[in-house]
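In: fold the following and give me the result.
(one chain, ligands or ions: 1)
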Amino acid sequence: MTNPFSLAGKVALVTGANTGLGQGIALALAEAGADIAAAGIAPPTETEAKVTALGRRFVAIKADLSSLEPIDRIVREALDGLGGLDVLVNNAGLIRRADAVDFSEKDWDDVINVNLKAAFFMAQAAGRHFLAQGRGKIINIASMLSFQGGIRVPSYTASKSGIAGITRLLANEWAGRGINVNAIAPGYMATDNTAQLRADEQRSAEILGRIPAARWGTPADLGGAAVFLASAASDYVNGAVLPVDGGWLAR
Ligand code: NAD
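Out: The predicted structure follows:
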């Protein structure tokens, strides 16, 4: 019997795969059989070593997603380097913290440009290829702040609420054409993104106290959801925003 979760022979393009959640997702997809193209600003040296140690092929694509300029090249380099493209994971992202009353236009634009604008146009560029081949999987990385308001992170909340919206919009347009567009909404995960939060004793204790699983998540915790949404196992799953949050939203 064929394994519906197998990604053997597939190519996955992951943005921001050098560290944190992107690295965890890239490794899980590689373990399931996929070759990996990693696009981002920082060299994905550690991810490359781990993916190639699994016997998978790896292509590093240097690209700053604060503008749309590299997007067509990213898709082309993944296709040229690995001979195909089956999965896009829109993971690259950043966060800026300040009280709403003081929030700057720069902190608004910097976050929206990478987290929302580049993610949409990456989906468009990969989507054009997926539409031509009649199949493809797009996984956007959402957040608890796709569902909740958050505090002191206005551009981040706007970007992640927007990600949930465009996940549903793209699913509506493309589900009938063989493309699955879904999102993973990680809970509170121990990465650089949450270093400031975890260093704040009071906020850290408040957050931990609300997580039914009683721990911060790790990059590896997203692996199962990523493999599911990248594989044939999710062929009838469209426009879902799947929380992987240790129960945070259930509280
Ligand atoms: P991280 O800071 O460790 O990783 C962010 C990644 O994005 C890095 O690879 C970084 O180089 C890349 N990146 C940032 N700006 C970029 C740019 N201009 N061009 C290209 N790449 C860029 O943080 P993380 O926690 O691993 O975050 C990954 C994703 O998960 C983000 O979208 C984040 O919003 C989301 N997320 C994180 C958490 C959490 O608790 N850590 C929770 C929900 C969602």
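
In: what's the burial count for G217?
Out: Counted with other CB atoms under 10 Å, residues neighbouring G217 total 22. For the C-beta atoms, the positions are set from N, CA and C on the backbone; glycine is no exception.

In: my error: substitute A190 in the last question.
Out: As a burial measure, A190 scores 16 neighbours (other CB under 10 Å).

In: for A232, same thing?
Out: Neighbours of A232 using other CB under 10 Å come to 16.

In: isn't it right up against P4?
Out: Yes - at 4.8 Å, A232 counts as touching P4 under the criterion of CB atoms under 8 Å.

In: enumerate the residues of the chain near the ligand.
Out: Proximity of the chain to the ligand is confined to 15-16, 18-22, 40-42, 64-66, 91-94, 114, 141, 143, 186, 188-189, 191-194 under the rule CB under 6 Å from any ligand atom.

In: and the residue in the stretch 51-200 of the chain positioned nearest to the ligand, what does it touch?
Out: Using CB to the nearest ligand atom, the closest approach of the stretch 51-200 of the chain to the ligand is made by G93 at 2.4 Å. With contact set as CB atoms under 8 Å, 6 or more residues apart in numbering, G93 has these partners: G16, V111, V114, N115, I141, S159, N193.

In: which ones among those map onto strands?
Out: With strands taken from DSSP state E, the overlap with the contacts of G93 comprises I141.

In: show me where the stretch 151-251 of the chain has helices.
Out: 154-174, 195-199, 201-210, 223-230 (DSSP state H, counting those that start in this stretch).

In: got the contact list for A126?
Out: Each residue near A126 by CB under 8 Å, 6+ apart is listed here: L13, V75, L85, L88, G136, I138.

In: could you report the neighbour count for A199?
Out: For A199, the number of neighbouring residues by other CB under 10 Å comes to 9.

In: for G93, see how far away it is.
Out: According to CB to CB, to the nearest Å, A199 and G93 sit 20 Å apart.

In: ok, back up a step: ok, so of the contacts of G93, who is nearest G81?
Out: Nearest to G81 among these is G16, at 17.8 Å by CB to CB.

In: how near is the closest residue to G20 other than its chain neighbours to E48?
Out: Among residues not flanking G20 along the chain, T191 sits closest, at 3.6 Å (CB to CB, 6 or more residues apart in numbering). Between T191 and E48 the computed distance is 19 Å (CB to CB).

In: ok, A250 next?
Out: Going from A250 to E48 by CB to CB gives 37 Å.
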